[in-house]
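In: Sequence below, structure please.
(one chain, ligands or ions: 1)
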Amino acid sequence: NTPVANQSTNKIWKLMEKYLPNTKEAIQSSVVNHVEYTLAKTRFDFTLLHCYQAVSHSVRDRLIEAFNDTYQYFNNKDVKYVYYLSLEYLIGRCLQNALVNLELEGQYKEAMLDMGYNLESVYEQEVDPALGNGGLGRLAACFLDSMATLNYPAWGYGLRYSYGIFRQQIKDGYQVEVPDYWLDRGNPWEIERLDVNFQIKFYGSVTKKVEDGKERTIWEGSEIIVARAYDNPVPGYNTFNTINLRLWRSLPSSEFDFKSFNQGDYFKALESRQRAEFITSVLYPNDSTYAGKELRLKQQYLLVSATIQDAIRRFKKKRKEWKEWPKYNALQLNDTHPALAIVELMRILTDIEGLEYEEAWELVYNSFAYTNHTILPEALEKWGVDLLGNLLPRHLEIIYNINHIFLEKISRKYPNDWRKLSALSLVEEGTHKTIRMANLSIVGSHAVNGVAALHSQLLTSTLFKDFYELRPTKFQNKTNGVTPRRWIRCANPGLSALLNDVVGSDDWILDMDILKNFQKIADDPAIQNRWMQVKRQNKEKLYWWVKERCGVDLNIDSLFDIQVKRIHEYKRQLMNILYVIRRYLDIKKTPAEERRKLFVPRSIMFGGKAAPGYITAKRIIRLVNAVSQKVNNDQEIGDLLKVVFLPNYNVSNAQVIIPASELSQHISTAGLEASGTSNMKFVMNGCLIIGTMDGANVEIAEEVGEENMFIFGARVEQVEEQRNKMRNSNYRDYFGPRLTEVCDAISNDLFGYKYDLEALLDTIRNKNDYYILGADFESYCEAQQRVDNLYRNKSEWTKKSILNSLRSGKFSSDRTIRQYAEEIWDLEPCEIPNPSKSEKER
Ligand code: GPW
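Out: This next block holds a predicted model:
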């Protein structure tokens, strides 16, 4: 770690103070340099892919300048850091986002065009890094963008999976999962840190030793691997701040090797090296479902242990006392997946640093905070004590210890209240004893939050009620948000230009709330026209996307009606497709000459991945494709109704799909969608929502006005009542004739695939219809009728579209991150000076 030469005199440091200029010539020369010296390409084998790689490297150079300066500045200013811990980051493509945030897109466009390349087709060469499942991972990515933009001293920490979420193909109407080896063309954005490695231990045994009258605990792991850092710069918008997303990759440890090699079994030793590398190989493809696999626990611990070691190393360099830890560090848990961080910090502070238990707990408690993202019981992590105790024996001991001290306090406060005690306990007793990771996260954190007002309210009144009563001030709400940089500025350049003209500047990108001042434009016919033009251009883009990938010719003038999200029973894609069938049957029953009067032409699109083991979700995809096949090939129907399944929904596809949509569906059973975040993206892009009063839809309704949405269905308070009704009646009476007829059509094999589809229908006919599709169906159909009626009035529709967009300011992740910083992290922004200004100007 000693520099090779005197820092103040060595010429290398002086030379490095120069920055890359932003002129066309400088950009071109940097790109050309990378073509020649980084890629070693000649004119004879130079493809668009190589062009993308050279451009990315040239942008990366700039990111590195900013990134190094940022952390050096943070360090000099002795700031507090927030560490955002997440097992998932769905960052999406980087090139355009980086150029937009560095405010260089125009210059690069020009520089590339001048060399004969269209920047947009260069963008299309990039793989979409998909190191996440859905909303939770995408939220983490939006948060990084906002943390960088708002100049917060932050670090993102995660895992560098070799395989992200699988690529979805549709074969014969079924989902097929293809491994996503996203690194096969290299990754120009990351910086491999060969010198940032931490040892990670697994298994082994715990012993106690007495040293100078003090008991010491020693955990000796029997499997040792290494976590290596890969840094991914995250540029802020309109600032020189660039923060780091540090992703860990597992590697074999050389120390461990010597032992095995010396035992003489060469191949066995190599095998164990490969096992080490395997840990960060693949992202678990479950969304909102706990699988309980040991490999997943290893992933979680690797992230947690490497991150805590890194944070401690950084803190120690400051030479502060341990009691100052919470003053300098905030750690945010993105759900319970990284909850072991609480235990790992306790372990290091007590076993290694020698702090007293109470002292250590104080530091842990005051630095950690936990975000809950669901109340679905199947998503709540509960690790078996057998598995946890085997893999991390010392951590299990510490958990028992935390629990013991916690429950003693509880029983003093509520003597003999056994119900309370067992509800609050970190340990769930039973034939299979487990550790409740949510309870651990709550007990170890000074702040716990839900992700939308309704969700946070449900947490304190149901799932975490007993904890809430114990310490009501610990519980908060932080309504989710999304970044307008990626979701408007990058994804919808037409709308961005229009908003620039309306506002007279691009200030809205940093302050979405100012859009509210321009609501009067919603009635202006000239603006309405331009608004419709923008939407039409976006629809054209999606039209070609669909034609190429699905072979379906959509009518661009039809209503683009879209539901894209992970396939889940609670999200009720099934209700959507059952309504599509209802519409199909109704059209068929109507005399041909009256059809156009009664039905607005619609293109109904579905997209989303099903977890590979989630049979019902896969059957929903099968049903959508069966209906699509039947309806799209029915000559009588023509363009009145088209149904498409959009394959491989991911971030880059979302950037095409969302700006093109006119109606989007957010129709979960009330109470079950914690927030939803695509609802916010759709609203920003001037799309109307058909939805239930669930998650953030409730707050969207508050902001944009219920009259500008299509709200339907049971409210949270009514759901249980509806379930009870269902339990006591035959589905035929309960469904009503319209839904019954739809189910019968499927049963009568109108769409084929009877075996799969009957089983699917049974989830609502004979299994108590937990998600109350039957109860909500009629109200859903009525809302759909309101959609048709409004769409006939283009001007009214457009007015509502404009108002949705202009009133969506609350849902910028900038608002969310400011609230986290002020109300949980106690974190101040720290903006680095503009390096293009001379020393004196600063
Ligand atoms: F189960 N969410 C998700 F809570 O995408 F952990 N994956 C998950 O595994 C979980 C939640 C978990 C989603 C919620 O379903 C969605 O409502 C929310 O908007 C999003 O997280 C971000 O908060």
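In: Between the two ends of stretch 195-214, how far is it?
Out: 36 Å (CA to CA, to the nearest Å).
In: now that stretch: mean pLDDT?
Out: Averaging pLDDT along stretch 195-214 yields 95.
In: Just the element for the residue lying closest to residue 308 once chain neighbours are set aside, please.
Out: In space, and not counting its chain neighbours, residue 308 is closest to residue 344: 4.8 Å by CB to CB, 6 or more residues apart in numbering. Glycine gets a C-beta too; all of them are placed from N, C-alpha and C. Taking DSSP states H and E as the definition, residue 344 sits inside helix 340-347.
In: Give me the next element, helix or strand, following that helix.
Out: helix 357-367.
In: Report the backbone C-alpha coordinates of the next helix or strand after that following helix in PDB.
Out: Once the chain leaves helix 357-367, the next helix or strand it forms, by DSSP H and E, is strand 368-371. Output in PDB follows, covering the C-alpha atoms of strand 368-371 (Å, rounded to 0.1, in the frame of the first residue of the first chain):
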ATOM      1  CA  PHE A 368     -28.900  -0.600  10.600                       C
ATOM      2  CA  ALA A 369     -32.300   0.000   9.000                       C
ATOM      3  CA  TYR A 370     -34.600  -2.400   7.200                       C
ATOM      4  CA  THR A 371     -37.000  -2.100   4.300                       C
END
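In: Any part of strand 368-371 near the ligand?
Out: No - shown here: strand 368-371 not in contact with the ligand (CB under 6 Å from any ligand atom), separated by at least 7.4 Å.
In: In its sheet, which strands sit next to the helix or strand following that strand, and in what direction?
Out: Per DSSP H and E, the first helix or strand lying C-terminal to strand 368-371 is strand 382-384. Each strand that pairs with strand 382-384, with its direction, by DSSP bridges: strand 434-436 (antiparallel).
In: Quick one: distance of the partner strand to the chain centre.
Out: Put simply, strand 434-436 sits 25 Å off its chain's centre (CA atoms, centre = their mean, to the nearest Å).
In: before we move on, what about stretch 224-243?
Out: Relative to its chain's centre, stretch 224-243 lies at 17 Å (CA atoms, centre = their mean).
In: For this protein, what lies in contact range of the ligand?
Out: Proximity of the chain to the ligand is confined to 133-136, 139, 287-288, 335, 373-374, 379, 451, 480, 673-677, 695 under the rule CB under 6 Å from any ligand atom.
In: rerun that using 8 Å as the cut-off
Out: Applying CB under 8 Å from any ligand atom, one finds that the chain approaches the ligand through 88, 132-139, 286-290, 335-337, 371-374, 376, 379, 451-452, 455, 480, 566, 673-677, 695-696.
In: In strands only, show me these.
Out: Judged by DSSP state E, strands contain the following of those: residue 371.
In: Can you tell me which of the residues of the chain next to the ligand are buried?
Out: The neighbour-count test (16 or more other CB atoms under 10 Å) marks 88, 132-139, 286-290, 335-337, 371-374, 376, 379, 451-452, 455, 480, 566, 673-677, 695-696 as buried among the residues of the chain next to the ligand.
In: And the next helix or strand past the helix or strand of the chain with the lowest mean pLDDT?
Out: Using mean pLDDT, DSSP states H and E, helix 254-262 stands out as the lowest-scoring helix or strand of the chain, at a mean of 64. Where DSSP H and E defines the elements, the next helix or strand beyond helix 254-262 is helix 266-278.
In: now for the helix or strand following that following helix, which elements pack on it?
Out: Sequence order places helix 294-317 as the next helix or strand after helix 266-278, per DSSP H and E. Contact analysis of helix 294-317 by 3 or more CB pairs under 8 Å, 6 or more residues apart in numbering; DSSP states H and E lists strand 81-85, strand 154-159, strand 191-202, strand 223-235, strand 242-252, strand 329-334, helix 340-347, helix 385-391 as its packing neighbours.
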